[in-house]
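*Asks:* Quick one, what's the 3D model for this:
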Amino acid sequence: MKKIFLILFILVNVFSLEQNDKTKVLPLLFVNIDVLNIKEKPDLSSQTIGLYTNGEAVEVINKQNGWIETKDGYIPSKFVFFIKPKLNSAKKIIRIQKEKLLLRKEPSKNGEILGFLTKGQRIYSLNKKGNWIKTPYGYITLKDTSFSATKSKKIVKKEQTVKLKIKKIAKTKLPAISLKDPIIKFSQKAYLKLEKEKIKKIKFNFETYLVKLLQSNKEYDNSYLNHKLTRLKNLISQDKYNFDFYFRATIGHNRDISDTGSFTDKSNINSELVLTKRLYDGQKNYTYNKKAFLEKRLSQLEHLKTKEKVILLGLDIYTNLLLAQEQIKIQKKVQKYKQSLLNNLNKRAKVLKVIDLDRLSLQNEILDIEKNLIILKQTYKTYTHIFRQSIDLAASGRLMLDWFDVSKSTSNLHNLKKMAVTKNSNITISQNKLKLMQADIVMQHSRKDWEIDFSATAGHKKTKSKEGSNRYSANGTAWNTALVFKYPIYERNDITLNVQKAKIETLQSKNILNMQQKETLNLVERKFNEYNQYNKLHTILKKQSKILTQSKEGYKKRYLLGVGTYKDFSEELTKHLSNENDFLINSVNVRKAFIELSILTGDSFFGK
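*Replies:* Coordinates of the predicted model:
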């Protein structure tokens, strides 16, 4: 009697018997790869609207041109296999009521698995053998489902959740699959993971970012070009002390008048090679030595200053994005923590059958976190755009920034100030400009000095002359060497006025240097104090974090045991979140203060 009752129970729960059902039973094919995409149209480039998994039975509506039309869409025929159905006169129709039902070759649990049927599919029943029902494709039974009846509700619920997730993804618009690889050959879990993590991650550390920033920054590139231009200008200015060698031709006429009043007319045609060289002038020492050296040094310092400016810009861009990235992580961590607690409260609410006000408060707090995440993600998106623009990053993918470590400063304030006076780029630039102004005074004075040039000529001369009624003609080769001495008596560009101008500019440079020294020393002291304060705060926040973590867990246990209130636990959790956020911001500030202090004192930083 019990066996009969069990068989009836199986038939009612697994199948709906439809003796006279006129509904057409569609033929079945079975998927033979891990995951098979369902297409909206019989075209590999069309939209993907769902998927079948390995061994799943597919009801065939039509077959044409290498494609199979199913009730869900279209699939390529080469990725399914056919089991020849065995039909006889008995044609009872059964409809599958379970989510998955294994199809076996033999009526045994050890029989070869041919595939599985899904809920809602119709199939012919040929006959019944014990607990097994024979179909045209193989054998099925209630006890041979995809999950055992003896499994816990948790496992069943988990498997159903996985299926729901797959269906949810199937409804979303998925990218078209490549013609070369039309099928994603992964398991269901791998496919879900691929959908979640299909965006490529691009990792950066601070040093790598700075290298790319310097390479792509136009201002830094221009400062380097200016440095090269300065070197070329110095070479050009020094070129006047090199040899000049050129060909010269002259055609002319002149008249010589003697003391007696007679005159001689001459016509000249000359062609010659000329060699000249400036041997000495008062500016030579300045041009070769002082000016060239000082201007080269100045261009180097200005290039370095531009580099420091770009580093500080990159520091702000990098830390802003890093801070937004880490704040999102903290919010997600708290969200996950509160969601876990909410699941616990939901179970308690089902048992007690009452409305749990704590649960409602927790749901509201989770919604607040979601609101915060929306704002943070928008901020992250903005900083990501700035980051990409700064280095002309074209590659698509999610940016992942690493923390960068800085060594703890062991110098005292006095040493740092000494370093700043001698190494700070602003101060050294002003010092160099002052030296240039002082040298310019010497150069203006040197314009009153002698100039000595060497000149040599060699060529051919042809002269025709007429003296009274007589005519003469002369041809010949001529050469000449000479030293030319020149001393300025008067110049339109007054030397005295230029000296006065250079002295005034020198006084201005001294004033600028003094102001920059005071400003830099004050800035070093302020940054040094900030850096020490951030370090002290870092130690305190780290200790607080340990205490609040223990306190949070303690309040959680008290609340779950019914000893404490949710309000107390929630307040403690808020304190812990606030501490984590403060610790994160302070960690960024410590690094920024160290790098800013390093740049102010001229300390080496990332190959500076």
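*Asks:* use CA for all of it now, contacts and neighbours both
*Replies:* Will do.
*Asks:* among the helices and strands of this structure, which has the poorest mean pLDDT?
*Replies:* Lowest mean confidence among the helices and strands of the chain (mean pLDDT, DSSP states H and E): helix 153-171, at a mean of 37.
*Asks:* for the stretch 201-350 of the chain, what spans make up the strands?
*Replies:* 201-204, 244-257, 263-280 (DSSP state E, counting those that start in this stretch).
*Asks:* to the chain's geometric centre, what's the distance from stretch 440-460?
*Replies:* On the basis of Cα atoms, centre = their mean, to the nearest Å, stretch 440-460 sits 59 Å off its chain's mean C-alpha point.
*Asks:* and if you look at stretch 42-61?
*Replies:* The answer for stretch 42-61 is 38 Å, by Cα atoms, centre = their mean.
*Asks:* Over to stretch 397-414?
*Replies:* Relative to its parent chain, stretch 397-414 has a centroid offset of 18 Å by Cα atoms, centre = their mean.
*Asks:* so how far does it reach from one end to the other?
*Replies:* Start-to-end span of stretch 397-414 (Cα to Cα, to the nearest Å) is 47 Å.
*Asks:* Please spell out which residues along that stretch are buried.
*Replies:* Leu399, Leu401, Trp403 (16 or more other Cα atoms under 10 Å).
*Asks:* pLDDT on that stretch, on average?
*Replies:* Mean pLDDT, stretch 397-414: 80.
*Asks:* With only the CA atoms kept, save stretch 549-563 in PDB.
*Replies:* What follows is stretch 549-563, C-alpha atoms only, in PDB (Å, rounded to 0.1, in the frame of the first residue of the first chain):
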ATOM      1  CA  THR A 549      37.100  47.000  16.400                       C
ATOM      2  CA  GLN A 550      37.000  45.100  19.700                       C
ATOM      3  CA  SER A 551      34.300  47.300  21.100                       C
ATOM      4  CA  LYS A 552      32.200  47.000  17.900                       C
ATOM      5  CA  GLU A 553      32.300  43.200  18.100                       C
ATOM      6  CA  GLY A 554      31.500  43.300  21.800                       C
ATOM      7  CA  TYR A 555      28.400  45.400  21.300                       C
ATOM      8  CA  LYS A 556      27.300  43.200  18.400                       C
ATOM      9  CA  LYS A 557      27.500  40.100  20.700                       C
ATOM     10  CA  ARG A 558      25.600  41.900  23.400                       C
ATOM     11  CA  TYR A 559      22.900  42.900  21.000                       C
ATOM     12  CA  LEU A 560      22.500  39.500  19.400                       C
ATOM     13  CA  LEU A 561      22.300  37.900  22.900                       C
ATOM     14  CA  GLY A 562      19.500  40.400  23.800                       C
ATOM     15  CA  VAL A 563      21.600  42.100  26.500                       C
END
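*Asks:* Asn54 contacts Val35, doesn't it?
*Replies:* Yes: with contact defined as Cα atoms under 8 Å, Asn54 reaches Val35; the gap is 6.1 Å.
*Asks:* if we can go back for a sec, how about the strands of the stretch 201-350 of the chain, which one is nearest Leu560?
*Replies:* Of all the strands of the stretch 201-350 of the chain, strand 201-204 sits nearest to Leu560, with 39.4 Å by Cα to Cα.
*Asks:* What is that closest one packed up against?
*Replies:* For strand 201-204, the elements it packs on are strand 398-401, judged by 3 or more Cα pairs under 8 Å, 6 or more residues apart in numbering; DSSP states H and E.
*Asks:* Neighbouring strands - and their directions - for the strand it packs on?
*Replies:* Sheet pairing for strand 398-401, assigned by DSSP bridges, gives strand 201-204 (parallel).
*Asks:* just to revisit the earlier point, quickly compare the strands of the stretch 201-350 of the chain and say which is most buried.
*Replies:* strand 263-280 (a mean of 16; mean count of other Cα atoms under 10 Å).
*Asks:* List of residues touching that one?
*Replies:* 240-257, 450-468 (Cα atoms under 8 Å, 6 or more residues apart in numbering).
*Asks:* Phe569: what's it in contact with?
*Replies:* Phe569 touches Lys552, Tyr555, Lys556, Tyr559, counting by Cα under 8 Å, 6+ apart.
*Asks:* rewinding a little: between the buried residues of stretch 397-414, which is nearest Ser425?
*Replies:* Trp403 (27.6 Å).
*Asks:* A strand includes that closest one, no?
*Replies:* No: counting by DSSP: H, G, I helix; E, B strand; the rest coil, Trp403 falls outside a strand, being coil.
*Asks:* before we move on, the earlier item: can you lay out the buried residues of stretch 397-414 as TSV showing distance to His414?
*Replies:* TSV is the format used below for the buried residues of stretch 397-414 (distance: Cα to Cα, whole Å):
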residue	distance to His414
Leu399	41
Leu401	36
Trp403	30
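*Asks:* Nearest to Gly138, out of those: which one, please.
*Replies:* Leu399 (52.2 Å).
*Asks:* pretty sure that closest one is touching Phe204, no?
*Replies:* Yes: contact criterion Cα under 8 Å: Leu399 and Phe204 qualify, at 7.4 Å.
*Asks:* wait, which of the strands of the stretch 201-350 of the chain is closest to Leu341?
*Replies:* strand 201-204 (31.0 Å).
*Asks:* The biggest helix by length in the chain packs against which elements?
*Replies:* As assigned by DSSP state H, the longest helix anywhere in the chain is helix 495-560. Contact partners of helix 495-560 among helices and strands, from 3+ Cα pairs under 8 Å, 6+ apart: helix 413-423, helix 425-446, helix 566-600.
*Asks:* okay, the ones you listed in JSON lines with distance to Tyr534 next?
*Replies:* Shown next, in JSON lines, are the helices and strands packed on helix 495-560 (distance: least, Cα to Cα, whole Å):
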{"stretch": "helix 413-423", "distance to Tyr534": "16"}
{"stretch": "helix 425-446", "distance to Tyr534": "26"}
{"stretch": "helix 566-600", "distance to Tyr534": "6"}
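*Asks:* The ones you listed: which one's closest to Asn62?
*Replies:* Closest among the helices and strands packed on helix 495-560, once you apply Cα to Cα, is helix 566-600, at 59.2 Å.
*Asks:* Quick check: which of the strands of the stretch 201-350 of the chain is nearest to Leu600?
*Replies:* Here strand 201-204 is closest among the strands of the stretch 201-350 of the chain (Cα to Cα), at 25.8 Å.
*Asks:* residues in contact with the closest one?
*Replies:* Gly397, Arg398, Leu399, Met400, Leu401, Asp402.
*Asks:* ok, and Val58, which helix or strand is that part of?
*Replies:* Counting by DSSP states H and E, the element that carries Val58 is strand 57-64.
*Asks:* After that strand, which helix or strand is next?
*Replies:* Heading C-terminal from strand 57-64 (DSSP H and E), you reach strand 67-70.
*Asks:* Now do the buried residues in the next helix or strand after that next one.
*Replies:* Once strand 67-70 ends, the next helix or strand along the chain (criterion: DSSP H and E) is strand 74-76. For strand 74-76, a neighbour-count test (16+ other Cα under 10 Å) marks Tyr74, Ile75, Pro76 as buried.
*Asks:* May I see the residues you listed arranged in JSON lines, with distance to Ile123 as well?
*Replies:* Shown next, in JSON lines, are those (distance: Cα to Cα, whole Å):
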{"residue": "Tyr74", "distance to Ile123": "21"}
{"residue": "Ile75", "distance to Ile123": "21"}
{"residue": "Pro76", "distance to Ile123": "23"}
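*Asks:* Of those, which one scores lowest on pLDDT?
*Replies:* Among the buried residues of strand 74-76, Pro76 has the lowest pLDDT, at 84.
*Asks:* surely it meets Gly66?
*Replies:* Yes: here Pro76 reaches Gly66: they are 6.0 Å apart, a contact under Cα under 8 Å.
*Asks:* so Lys448 sits in a helix?
*Replies:* No: under three-state DSSP, Lys448 falls outside any helix and is assigned coil.
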